[in-house]
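Enquirer: With the sequence up front, the predicted model follows.
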Amino acid sequence: MSSDRSATARRVAVVLVAALVALSAFAGPAAAANGSVELDEALDNQRVSDEMSFTFTASANETVSATNSRELDGGNVVFEFESWNDRDGGSGSSETWTVEAGHTYEVTYEGQASSGASEQRHSTTVSVSGGSTSVSETLNLDVTLLEPSFGGASSPTETVTFRDSDEATGSVDVNFDNDGQGVMVPESVENINSPSGIDVSVDSLSSEVDAGSSGTASLDVAVDSSVSEGDYTISGTITDNLGNQQDFSADIEVTKPPVIDIEDVDVGGVLRGQSETVDVTVSETAGFEGVSGLDVNVIGTDQDGSMVIRAGGFSTSAGGSDTVEVEVRANSDADQHADLHWQVQVTPNDPDSPTETINVDGEVFYPANLGSVDGQGAENVFDVPRSQASVQESETEVTFENTGDLDMDIQNIDVSTDTAEVDARVEDAPGTVGGLSTGSATVVLEANPDTPEGSHSFTVDVDAGSAGSQSITRELTIEHVPELGVERNDLEFGDVTVTSRQTTSVDVSEVLEYESVPNVEIERTAGPDQYLEIVQRPRSLEAGESAPLVFAATFDTSAELYEVYQWEFEIRGDGVEAQTVTVTARPTPYSFDTISEELAAYDGGSGPRAETAAGMTESLEALESQLRDGEDVPEGDLTETIAAAETVLLLLDSLEAADEARTQNGSEAAQEHVLRARATQNAMAQYVDRIDSQRVKSSASGSLSAAQTATDEQVEIQESFYESQLAGDEGGEPSTLQRANANRQLARLAEIRGDSERASELNGESTAAFETYLSQVEDASDSVEDARAVRASIRENATLVLFDQPLVLNPARLDPISADIERIDAAYAAATETYSEAGATQEADSISQERAATLQRLQLTQYGLWGATGIYGVAVAGVLLRTGRNLYAYMQDRRTVQMGAALQ
């Protein structure tokens, strides 16, 4: 029977556990949220806070709102919503947010207390509510006020000494303790009591004293001369802003001993190994007693010298003065300008007299001394022709340094040379050089043209007597300079007939007769890089040598007739200054055979191209005939006719290139050649229009008409091709990008025809198509990003990622995952289709491949999820079957028990 009861108890426990599990899914209130803060009672600008949190479990997917804030105690206590946090992920600071069923949320409020809040527990109730979720919570904030408390004050002793006969001053620092738990705010020092003749005032008072710390009241003490020497007591009370008080007292000792005044001593420069002595006045300043003897204490030593103060027999009456002797000696090994310094304490022979501390200073000086002697070399440059040169003179400066501090006397300065052809002398030599200064003298060197080129030594001797003597040797450099010269700087060819060749020359020379000039170079620095060449040039020049520089001018048909051409050449060589030569020439008319021969290659057949070439050939022949016959040709006709003929050649070449490009690569490849041909034909029309001679213009106009016909044929072919492309006759319905390009090319063709209205219309259609293309590409990109974002979400929320394959093992996500995969597939399909319609074929192929790879990987994810769902279903079925069997057994036992009770 007991075993039956045990079984029954186990079954009841199972049912209770199941019930508790079911109840835990619903939201319910939690324990109260508590916080505490501490405020300093003495402060009126505090604001402190503490956080308090509670949790709840959402019962449905819905939007909930939390209480924003509560104010208590007249606004001195505030409870304010701070944040929410989903323990399953996610957080925010807005009091309204969306919750998910079964998720647990932590809600945090901040409790704030300001100065003036009552010391007690402040409570309020806040809530979080939505459709089926409703939670309320009590928030408690305990406010504690911290009070300060005086813990005693020091009783200092201060000595006030009269330093003059009027008044003595001093200061007293009274320290006081804050033994309380809160900050103390001292407010005043009151009830100050002091003897007659002693005035006490407050200099400073600590503004705040932390708990367990000390503050200071600094008092200024002024004692009148009528107060006798002795000990006196002052007292007072320190009060804080809460009314707390602390009494204190301090002892003041008044003394009137003799007091001396002595200034710092600076003896100035002291020569090394010698001494300097000065008398210093010492005065008694208090006026109450005289001084009889001084105590002198030198603080420390100085390694560069010694010092002594002789005060024997010093004596003065009250308010009087006397002198002492201060002697400073510099050591014989002291460094120059070393600072000599001592601190000396001087005290009257009275136990109450204060000590005066003074500084005794000096500086180590050196006698005059000849330091470094220096100078530069000199150079004589012979830069006039040798046959005209005379003696040349150069100067250099020699300097001599006085490293001592006293003046240095200069006894003598002399200069000598090692070359007979060079003479030297000294000028402007000073007699004295000041301490730590540098003197200088001028050395003058003379050389004649026969002095050998190179370096020649000269020596300068400086004699400074007891300060020393030195010599220096430097070099005089003799240089024989070469120089380039040209016979003339301007060369003129005059008129040069086109296709003919003319030459002219100029002599280039070394003019100074001293040195040769190697590596002679001629470089063009200005002017066109054609029509003129150098046919003979010097490569080097011996001293005094001349050589010809020969130029040749040849103009071709590209030259502007009667235009003056100018070139500038720079002639350079080693060690010489460059020379400049300017060359000018003017081309005159020439034969038109060259252009006529090129046109003849096109005028042998029939059709508009042959007519174009033939007409321009006749125009050139007419112009050439006028020039040969000496007729008056209108200004510009020659230039315009030649330009028109060269334009015809370019036009015919472009038409031929268009035919070849179309044959090999289709009409699109011919487009630029056709456009170039039309632009060239337009230029030809301008040249022909500017021809004035009717005889020349007539043939040129016929050539222009034929050129227009030949060009129009090509334009019509291109227009037909692009119109067929728009109509879909060139391989199916055109893409958006193809429509944009076709309309753009038709607009260019219309523009060169002069149909600006049609060109503007076609450009508008092209722009609209291109904008559509951009929109389609953007839409396709958005679809791709949507697919990638969903794919990334599946990966981020996967149960695990194995070999870069996301696996989801949560059966509850079967439907969401299937929906996400369908969304990904649809997004990729839409992107591929949109890219294809736009004409972005490369992007369409890439996204199509990405789609296939992604779907293959996600299919494996879906298979894994189906397997996990099946396993989970079997497990759940087993649990339900076992629970049903237990309940059935329980009911059977209960029925048996009831039947037994009825039988009894």
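Expert: The structure has been received and is ready for your questions.
Enquirer: the strands in the stretch 51-200 of the chain, which residues?
Expert: 62-66, 69-72, 77-86, 91-92, 96-99, 104-114, 121-129, 134-146, 150-153, 157-161, 167-178, 186-193, 198-205 (DSSP state E, counting those that start in this stretch).
Enquirer: closest one to D302 among the ones you listed?
Expert: strand 157-161 (31.5 Å; Cβ to Cβ). Any C-beta I mention is one placed from the backbone N, CA and C, and that applies to glycine too.
Enquirer: Go ahead and measure how far that closest one is from the middle of the chain.
Expert: Chain-centre distance of strand 157-161: 62 Å, with Cα atoms, centre = their mean, to the nearest Å.
Enquirer: swap in stretch 222-235?
Expert: Counting by Cα atoms, centre = their mean, stretch 222-235 is centred 68 Å from the centre of its parent chain.
Enquirer: ok, and what's touching that stretch?
Expert: For stretch 222-235, contacts defined as Cβ atoms under 8 Å, 6 or more residues apart in numbering pick out 160, 162, 165-170, 172, 191-201, 219, 221, 247-256.
Enquirer: mind checking which of the strands of the stretch 51-200 of the chain is nearest R690?
Expert: Of all the strands of the stretch 51-200 of the chain, it is strand 91-92 that lies closest to R690, at 79.4 Å by Cβ to Cβ.
Enquirer: neighbouring contacts of that closest one?
Expert: So strand 91-92 is contacted by S83, W84, N85 (Cβ under 8 Å, 6+ apart).
Enquirer: What is the nearest of the residues you listed to F176?
Expert: S83 (45.1 Å).
Enquirer: Count the residues that sit near that closest one.
Expert: 17 (other Cβ atoms under 10 Å).
Enquirer: cool, the one 5 residues further on as well?
Expert: Burial measure for D88: 10 neighbouring residues, criterion other Cβ under 10 Å.
Enquirer: My guess is it contacts Y105. True?
Expert: No - the pair D88 / Y105 is not scored as a contact, 9.1 Å apart, by Cβ atoms under 8 Å.
Enquirer: Quick one, grab the pLDDT at the closest residue to V221 other than its chain neighbours.
Expert: Nearest non-adjacent residue to V221, counting by Cβ to Cβ, 6 or more residues apart in numbering: G170, 4.8 Å away. We note a pLDDT of 91 for G170 in this prediction.
Enquirer: residues in contact with G170?
Expert: So G170 contacts E158, T159, V160, D220, V221, V223, I252 (Cβ under 8 Å, 6+ apart).
Enquirer: quick revisit: give me the buried entries from the contacts of stretch 222-235.
Expert: In these, burial by neighbour count holds for 160, 162, 167-168, 170, 172, 194, 198, 200, 219, 221, 248, 250, 252, 254-256, counting by 16 or more other Cβ atoms under 10 Å.
Enquirer: Could you measure from the residue lying closest to F288 once chain neighbours are set aside over to D352?
Expert: Leaving aside its chain neighbours, F288 sits nearest to K256 (4.4 Å; criterion: Cβ to Cβ, 6+ apart). In this view, K256 and D352 are 8 Å apart by Cβ to Cβ, to the nearest Å.
Enquirer: which neighbours do the two share?
Expert: T161.
Enquirer: And for G300, the neighbour number?
Expert: G300: 8 neighbours (other Cβ under 10 Å).
Enquirer: try Y366
Expert: Neighbour tally, Y366, other Cβ under 10 Å: 20.
Enquirer: mind starting the numbering at 18 from now?
Expert: In the new numbering, first residue 18, that becomes Y383.
Enquirer: Does it touch G286 like I think?
Expert: No - assessed by Cβ under 8 Å, Y383 is found out of contact with G286, at 9.5 Å.
Enquirer: Are there residues contacting both of the two? Which ones?
Expert: D422.
Enquirer: give the contact list for the residue lying closest to D61 once chain neighbours are set aside.
Expert: Leaving aside its sequence neighbours, D61 sits nearest to S132 (Cβ to Cβ, 6+ apart; 4.8 Å). By Cβ under 8 Å, 6+ apart, the contact set of S132 is L56, D57, L60, D61, N62, Q63, R64, N93.
Enquirer: Closest to P625 out of these?
Expert: Once Cβ to Cβ is applied, the member of the contacts of S132 that ends up nearest P625 is R64, at 96.4 Å.
Enquirer: so what's that closest one bridging to?
Expert: Beta-bridge pairing of R64 under DSSP bridges involves S131.
Enquirer: cool, and V477?
Expert: What pairs with V477, by the bridge criterion (DSSP bridges), is V432, I489.
Enquirer: What is the neighbour count of it?
Expert: So V477, with other Cβ under 10 Å, has 23 neighbours.
Enquirer: three-state assignment of E293?
Expert: strand (DSSP: H, G, I helix; E, B strand; the rest coil).
Enquirer: So it sits against G285, correct?
Expert: Yes - counting by Cβ under 8 Å, G285 is a contact partner of E293 at 6.8 Å.
Enquirer: neighbour-wise, which of those two wins?
Expert: E293 (17 against 11).
Enquirer: which residues does the more buried one bridge with?
Expert: Beta-bridge partners, per DSSP bridges, of E293: V345.
Enquirer: A helix includes G781, no?
Expert: Yes - counting by three-state DSSP, G781 falls inside a helix.
Enquirer: Return the distance of it relative to E301.
Expert: Distance from G781 to E301, by Cβ to Cβ: 109 Å.
Enquirer: where does L549 land on pLDDT?
Expert: Reported pLDDT for L549: 90.
Enquirer: what number of residues lie near it?
Expert: 22.
Enquirer: Kindly report the same for V94.
Expert: 23.
Enquirer: which residue sits closest to it, ignoring its sequence neighbours?
Expert: Leaving aside its sequence neighbours, V94 sits nearest to H139 (Cβ to Cβ, 6+ apart; 4.5 Å).
Enquirer: and that neighbour, what does it touch?
Expert: L89, D90, V94, G128, A130, N157, L158, D159, V160.
Enquirer: Report the beta-bridge partners for the third one.
Expert: Here V94 sits in beta bridges with L89, A130, as judged by DSSP bridges.
Enquirer: OK, contacts around it?
Expert: Residues in contact with V94, defined by Cβ under 8 Å, 6+ apart, are E88, G128, Q129, A130, S131, A134, H139, L158, V160.
Enquirer: Lovely, talk soon.
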